[in-house]
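**Student:** What would the 3D arrangement of this be:
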Amino acid sequence: MRLDSLNRFKASAIHLALSAAIGATVVALMLALWYPKHYFAAMGGGMLIILLIGVDVVLGPLITLIVFNPKKKSLRFDLTVIALVQLAALVYGCSVMFEARPVYSVFVADRFEVIAANAIDEASREKAAPEFRALSLTGPRVVGAREPADEDRKAEIVISAAKGGVDLANLPDLYVPYAQVRQDAARAAKPLAELAKRQPHDAVAIRAFVADSGRAEDAVGFVPMRARNEDMSVVVDKKSGDIVGIVPVNPW
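**Tutor:** Below is the predicted model of the structure:
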């Protein structure tokens with residue numbers, strides 16, 4: 001298509017369609033790989049996506065609408081610059097989403113903590129068992145964490161957490177396979193009836209979750225899940241501690 005056959009409105013519309021297609025593809029891949037069901041909302045991905053789409057999908061076509069003039073000798077250069085700025089913004093936005101992706105869901109004491117890649121303590125990761133050094137690219141791995149035997153380090157962690165620093169869930173060298181803590185999770189699980197009582201407006205969603213799970217309500221319970229943006233409830237089997245799923249209901 002020749003540029004001189006377009007006016008600014010057609011050029012901007014074409015630019016918008018291309019940008020929207022690219023943006024939608026990128027977002028779909030992010031949701032499929034980095035932010036599985038419910039984790040996107042739990043980790044506050046919505047605001048990041050709004051910023052990403054706002055810059056990449058809206059701003060680029062808007063600039064094209066302003067600068068497009070088929071008679072300009074520098075038009076191709078101008079459009080190239082706009083495309084490069086959009087590409088840079090897209091790459092930056094994707095890098096932010098990548099660093100903020102959830103990589104571990106850690107059971108600690110009586111709850112799950114969702115930990116982002118940029119919240120992992122790097123010094124601890126270097127000392128961790130090989131299976132806990134890699135950061136997942138396909139959604140968070142479910143693990144447990146145990147307090148260290150060393151009392152001095154235990155005190156350091158408590159002080160750090162009190163100051164808003166790293167806590168037990170941020171330290172991969174203290175991780176253990178979920179199989180080692182699943183019974184702790186089973187014991188920590190509370191009746192779904194209690195969750196419905198705490199959040200009566202979500203009672204229908206809770207009942208629907210139970211029906212879809214194919215399990216009796218008294219066979220499962222909920223364990224709070226803390227995340228960066230929105231806390232939810234992890235439903236576990238009350239006997240085995242196996243994770244049945246996540247219901248997007250505030251556990252508190």
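
**Student:** Quick check: next helix or strand after the helix or strand of the chain with the lowest mean pLDDT?
**Tutor:** Of all helical and strand segments in the chain, the minimum by mean pLDDT, DSSP states H and E falls on helix 45-53, at a mean of 74. Per DSSP states H and E, the first helix or strand lying C-terminal to helix 45-53 is helix 60-67.

**Student:** centre of the chain versus that next one, how much separation?
**Tutor:** 32 Å (CA atoms, centre = their mean, to the nearest Å).

**Student:** Output the contacting helices and strands for the least confident helix or strand of the chain.
**Tutor:** helix 8-33, helix 75-99 (3 or more CB pairs under 8 Å, 6 or more residues apart in numbering; DSSP states H and E). Backbone N, C-alpha and C define where each C-beta goes, glycine included.

**Student:** at 10 Å what do you get?
**Tutor:** Packing partners of helix 45-53 (3 or more CB pairs under 10 Å, 6 or more residues apart in numbering; DSSP states H and E): helix 8-33, helix 39-42, helix 75-99.

**Student:** In CSV, list the ones you listed along with mean neighbour count.
**Tutor:** Below are these laid out as CSV (neighbours: other CB atoms under 10 Å):
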stretch, mean neighbour count
helix 8-33, 15
helix 39-42, 20
helix 75-99, 15
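
**Student:** Let me have those in JSON lines, extended by mean pLDDT.
**Tutor:** Shown next, in JSON lines, are the helices and strands packed on helix 45-53 (pLDDT from 0 to 100):
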{"stretch": "helix 8-33", "mean pLDDT": "86"}
{"stretch": "helix 39-42", "mean pLDDT": "92"}
{"stretch": "helix 75-99", "mean pLDDT": "87"}
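
**Student:** need the ones you listed in a markdown table with distance to Phe209, can you?
**Tutor:** Below are these laid out as a markdown table (distance: least, CB to CB, whole Å):
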| stretch | distance to Phe209 |
| --- | --- |
| helix 8-33 | 20 |
| helix 39-42 | 16 |
| helix 75-99 | 28 |
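
**Student:** show me where the stretch 151-252 of the chain has strands.
**Tutor:** 175-177, 190-191, 220-226, 232-237, 243-247 (DSSP state E, counting those that start in this stretch).

**Student:** I'd like to know which of those lies nearest to Ile66.
**Tutor:** For the strands of the stretch 151-252 of the chain, proximity to Ile66 was assessed by CB to CB; strand 232-237 is nearest, at 43.1 Å.

**Student:** Show me how far the closest one is from its chain's centre.
**Tutor:** With CA atoms, centre = their mean, you get 17 Å for strand 232-237.

**Student:** Quickly run through the sheet partners of that strand, with directions.
**Tutor:** Here strand 232-237 has these sheet partners by DSSP bridges: strand 220-226 (antiparallel), strand 243-247 (antiparallel).

**Student:** ranking these by burial, who's on top?
**Tutor:** Highest mean neighbour count among these (mean count of other CB atoms under 10 Å): strand 220-226, with a mean of 22.

**Student:** Export it to PDB, keeping only CA atoms.
**Tutor:** Provided in PDB are the C-alpha atoms of strand 220-226 (Å, rounded to 0.1, in the frame of the first residue of the first chain):
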ATOM      1  CA  VAL A 220     -12.300 -29.500  51.000                       C
ATOM      2  CA  GLY A 221     -11.300 -26.400  52.800                       C
ATOM      3  CA  PHE A 222      -9.700 -23.100  52.100                       C
ATOM      4  CA  VAL A 223      -6.200 -21.700  52.900                       C
ATOM      5  CA  PRO A 224      -5.500 -17.900  52.500                       C
ATOM      6  CA  MET A 225      -3.300 -16.900  49.700                       C
ATOM      7  CA  ARG A 226      -1.500 -13.600  50.000                       C
END
